[in-house]
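Asks: need a structure here:
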Amino acid sequence: MSFLVRLFRRLRNPKGYVGRDLEGNQYFEYPGIHDDPSRTKRVVKYAQGRDMWAYIGGRRRLAVQWTAWLTHTRHHPPSLEELQADLERQRRLMLNVARIEARDREEAARIAAIQQNITRPLVAPPSDSSVVDDSAQASPQPQKRVPTSPPAEPGPAQREPPADQPSPWKPPPSDEPHSWQPRASVRRGG
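Replies: From the prediction side, this is the model:
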């Protein structure tokens, strides 16, 4: 493309500063150097004192609206009001996330406390009937007893899985899905 054509396009479509974001970054649009005049060159000039490598390295991000405009996904640049509304939406979202996390922590603590109460071993009453505790007689609540079972004897009966657990070697019940296998085609004729 010749110098005169580029100069004519620059004079015909003079564009430059388009806008800024809330962090002070400035956005510019210039006529493209390609044959397609609708494909302009869009660039960002980072704010003074900001390190460009913070954005490139991923520690900071440009606003999504400006990123869409830079990549020609969005035709018109965003306004400051739109950027401020999105920032307020992000703040509300972070507040809601903090509330949900706090509620989940409280629920997890409550469930852990309930499970701790369930798994706490029950105290068996003393086996000597001659020793009587005065506090046990004064309380109207009956004491809980731990059922005792005879010690299990090791043998072949213990090696068998319980009847209520399905055996991994038995076929699955008929109501469970099976893998699909195509039927073999039978060739007839010669």
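Asks: what lines up beside the helix or strand where residue 19 lies in the sheet?
Replies: In the assignment (DSSP states H and E), residue 19 maps to strand 17-20. In the sheet, strand 17-20 lines up against strand 26-30 (antiparallel) (DSSP bridges).
Asks: how big is the angle separating the helix or strand that the partner strand is followed by from strand 26-30?
Replies: Going down the chain from strand 26-30, the next helix or strand is strand 41-45, by DSSP H and E. Calculated by axes from the mean of the first three to the mean of the last three C-alpha atoms, to 10 degrees, strand 41-45 forms an angle of 160 degrees with strand 26-30.
Asks: give me the buried positions along strand 41-45.
Replies: For strand 41-45, burial by neighbour count (16 or more other C-beta atoms under 10 Å) applies to 42, 44. All C-beta atoms are positioned from the backbone trio N, CA, C, and that covers glycine.
Asks: can you list the strands that it pairs with?
Replies: strand 26-30 (antiparallel).
Asks: what's the longest helix in the chain?
Replies: helix 80-119 (DSSP state H).
Asks: quick one: average pLDDT of the strand holding residue 19?
Replies: For strand 17-20, the mean pLDDT works out to 88.
Asks: residues contacting that strand, please?
Replies: With C-beta atoms under 8 Å, 6 or more residues apart in numbering as the test, strand 17-20 has contacts from 26, 27, 28, 29, 42, 77, 78, 79, 80.
Asks: just the C-alphas of it, formatted as CSV.
Replies: Output of strand 17-20 as CSV, limited to C-alpha atoms (Å, rounded to 0.1, in the frame of the first residue of the first chain):
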residue,chain,number,x,y,z
TYR,A,17,-7.9,8.6,21.5
VAL,A,18,-11.1,6.6,22.1
GLY,A,19,-11.4,6.4,25.8
ARG,A,20,-9.9,5.3,29.2
